[in-house]
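Student: coords please:
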Amino acid sequence: MFDFNKLLSELVYDKNDPILFNSAFFFYYFAAFLLCYLLFSHTKKGRVWVFTLFSLYFFYKACNEYVLLIVLAAIVDFNLSRWIHRAEKQSVRKSLLIFSIVINVGLLFYFKYTDFFIGITNDLTNGNIRPLHLLLPIGISFYTFENLSYTIDVYRGEIEPVDEFMDYLFFLSFFPKLMMGPIVRASDFIPQISKPYVLNSEDIGKGMYLIVSGLFKKIVISDFIYQNFVQYIFDDPSRHTGLECLLGVYGYALVIYCDFSGYSDMALGIARWTGFKIPANFNSPYQSSSITEFWRRWHISLSSWLRDYIYIPLGGNRKGKVRQYVNLSLTMLIGGFWHGASWNFIFWGGLHGLALAVDKVRLTWLHKKGILFTGWKSTVLKVLGILITFHFVCFCWIFFKAATFHDAWALIHQIVYDFQPGIWQELYQGYTAVFGLMLLGFVLHFLPPTSELLAERTLARMPVWGNVAFLVAFVWVLVQVKTTQPMIPIYFQF
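Tutor: Prediction:
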């Protein structure tokens, strides 16, 4: 017998079960969305309204009444950008831009950092101000940066403001990238809205590959390794040997990459199936041979945003080498703080900022001396660079993941002073499946780009029914191996 109350309970917001790409409810939601989208895909207005309404519902299922925030943000910046564009006096334009920045950053600050600064104030003054314990709206860090880049680009004269409010609300609320990015620029996205919806075999193959690989990375690799090994290590590092802690750090490096890039890949794949191309957010970052290269490959949308709207406005490399190094450090400190209200994140960002400055010194010295390595020396240095960069990034991940500085230093202490390599056989026997998946994850990560292209072309050549059958079979396999409760994505908290 049909249970209407059960259906209704599934459709309303549940704080204990937010909608995720890897949740069972999402597959029903996405099927309903695709059906409606295809029915109205022949007109721009139909596509915009269907996508926007489903996106707002998606956001409601993720964080309840905070869906109104994204509507408010769209209203404010849609109008401010138009007023900036029309204003003739530079002083008026700048005032409107400052107002936009204050509104956007103010909302982000209020929800994300109020309790952090209340804590600092209490520590400095021995005060007793009560924290507000505000619930952080999902995706606010991502759509705030999109809002800021839009109004700044309009102010700079790099783009024209959109004429229709629904177009801007559609851009801001676009559900594939709403909660965890990528941070999409209006200049990349909005021109695609007016293009007719045409889906070719390349789009189907590319979208299928991105969705399937994203689900595999998120559910099979990241969730399994985290829930069956990594979380035990970071919950209490002092209870584990140094060898376990080191492997836990390697595991977390893979977990955070597969978790975040997997979710980003799914966002890109869903967007591709609906006629939109979003720039990639990751490019095999652990293949980087320097920290500078790493930040060109990791969370590309954030690093490029920080470069264009923080680093360059601070002066970039235009005001001397010392100022360049200071600008790099400040930019990464801000990037660390963007991740969360915690000294751990600030320290993590500071480490990366310092490393980027040191790398710039290295590159400048090599250029000045005219040193250029070729042949086998170049290959050896590249391999060494990859190993050094990976281990530095892993060292920084310790502070990113650990709940406190005490936990981070406890883990490092175990690695340095209590390594105990002799337990490796016992450890392997206890975590055979985990270490097998870790090996598989790193092997897949270091495959050449040609393997990805081959998979995409194979899927593109398959008929529609073949793609559907493949996806259904793949989802069935995922259901058999996934954990009972979907694991909340790591970047969901940002």
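
Student: What residue spans form the domains of the chain?
Tutor: As assigned by automatic domain parsing, the chain contains the domains 12-197, 202-493.

Student: Can I get those in TSV including mean pLDDT and mean neighbour count?
Tutor: The C-beta positions use only the backbone N, C-alpha and C, and glycine is treated the same way. Output for the domains of the chain, formatted as TSV (pLDDT from 0 to 100; neighbours: other CB atoms under 10 Å):
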stretch	mean pLDDT	mean neighbour count
domain 12-197	92	17
domain 202-493	90	17
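
Student: Now do the longest helix seen in the chain: which elements does it pack against?
Tutor: What stands out as the longest helix in the chain, according to DSSP state H, is helix 90-125. Helix 90-125 sits against helix 67-86, helix 140-156, with contacts defined as 3 or more CB pairs under 8 Å, 6 or more residues apart in numbering; DSSP states H and E.

Student: okay if I get those helices as CSV plus distance to Val443?
Tutor: CSV is the format used below for the helices and strands packed on helix 90-125 (distance: least, CB to CB, whole Å):
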stretch, distance to Val443
helix 67-86, 40
helix 140-156, 31
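
Student: between these, which gets nearest to Thr125?
Tutor: When these are compared by CB to CB, helix 140-156 sits nearest Thr125, at 28.7 Å.

Student: The closest one versus helix 90-125: what angle between them?
Tutor: Counting by axes from the mean of the first three to the mean of the last three CA atoms, to 10 degrees, helix 140-156 points 150 degrees away from the direction of helix 90-125.

Student: ok and the next helix or strand after helix 140-156 relative to helix 67-86, angle-wise?
Tutor: Per DSSP states H and E, the first helix or strand lying C-terminal to helix 140-156 is helix 165-173. Interaxial angle of helix 165-173 relative to helix 67-86 (the same axes, to 10 degrees): 120 degrees.

Student: Would you pull up how far helix 165-173 lies from the middle of the chain?
Tutor: Its chain's C-alpha centre and that of helix 165-173 lie 21 Å apart, by CA atoms, centre = their mean, to the nearest Å.

Student: ditto for stretch 24-34
Tutor: The answer for stretch 24-34 is 22 Å, by CA atoms, centre = their mean.

Student: Then stretch 312-326?
Tutor: 27 Å.

Student: One more: stretch 130-138?
Tutor: 21 Å.

Student: repeat for stretch 178-187
Tutor: 9 Å.

Student: likewise stretch 267-277?
Tutor: The answer for stretch 267-277 is 16 Å, by CA atoms, centre = their mean.

Student: Pull that stretch out as PDB, backbone CA atoms only.
Tutor: Coordinates of each C-alpha in stretch 267-277 appear next as PDB, following Å, rounded to 0.1, in the frame of the first residue of the first chain:
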ATOM      1  CA  ALA A 267      29.600  18.000 -10.800                       C
ATOM      2  CA  LEU A 268      31.400  18.400 -14.100                       C
ATOM      3  CA  GLY A 269      29.800  15.200 -15.500                       C
ATOM      4  CA  ILE A 270      26.200  16.200 -14.500                       C
ATOM      5  CA  ALA A 271      26.800  19.700 -16.000                       C
ATOM      6  CA  ARG A 272      28.100  18.200 -19.200                       C
ATOM      7  CA  TRP A 273      25.000  16.100 -19.600                       C
ATOM      8  CA  THR A 274      22.800  19.200 -19.200                       C
ATOM      9  CA  GLY A 275      24.800  21.200 -21.800                       C
ATOM     10  CA  PHE A 276      27.300  23.100 -19.600                       C
ATOM     11  CA  LYS A 277      31.000  22.900 -19.500                       C
END
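
Student: do you know which of the helices and strands packed on helix 90-125 lies nearest Leu20?
Tutor: Between the helices and strands packed on helix 90-125, helix 140-156 lies closest to Leu20; by CB to CB that is 15.4 Å.

Student: for the closest one, packing partners?
Tutor: Packed on helix 140-156, when contacts are counted by 3+ CB pairs under 8 Å, 6+ apart, are helix 67-86, helix 90-125, helix 165-173, helix 175-178, helix 186-193, helix 300-306.

Student: closest to Gly207 out of the ones you listed?
Tutor: helix 175-178 (10.7 Å).

Student: which residues sit against that closest one?
Tutor: Under the criterion CB atoms under 8 Å, 6 or more residues apart in numbering, residues 51, 54-55, 58-59, 62, 70, 138-139, 142-143, 183-184, 266-268, 270-271, 274, 278 lie in contact with helix 175-178.

Student: Quick one: work out the angle between the helix or strand where Phe260 lies and helix 186-193.
Tutor: Assigned by DSSP H and E, Phe260 belongs to helix 242-273. Relative orientation of helix 242-273 versus helix 186-193 (the same axes, to 10 degrees): 40 degrees.

Student: quick one: helix 242-273 to chain centroid distance?
Tutor: Centroid displacement of helix 242-273 relative to its chain, using CA atoms, centre = their mean, is 10 Å.

Student: My guess is Leu69 contacts Asn104. True?
Tutor: No. Leu69 is not in contact with Asn104 according to CB atoms under 8 Å; the separation is 10.9 Å.

Student: Distance to Met332 added to the helices and strands packed on helix 140-156, as a markdown table?
Tutor: Output for those, formatted as a markdown table (distance: least, CB to CB, whole Å):
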| stretch | distance to Met332 |
| --- | --- |
| helix 67-86 | 26 |
| helix 90-125 | 18 |
| helix 165-173 | 27 |
| helix 175-178 | 23 |
| helix 186-193 | 24 |
| helix 300-306 | 8 |
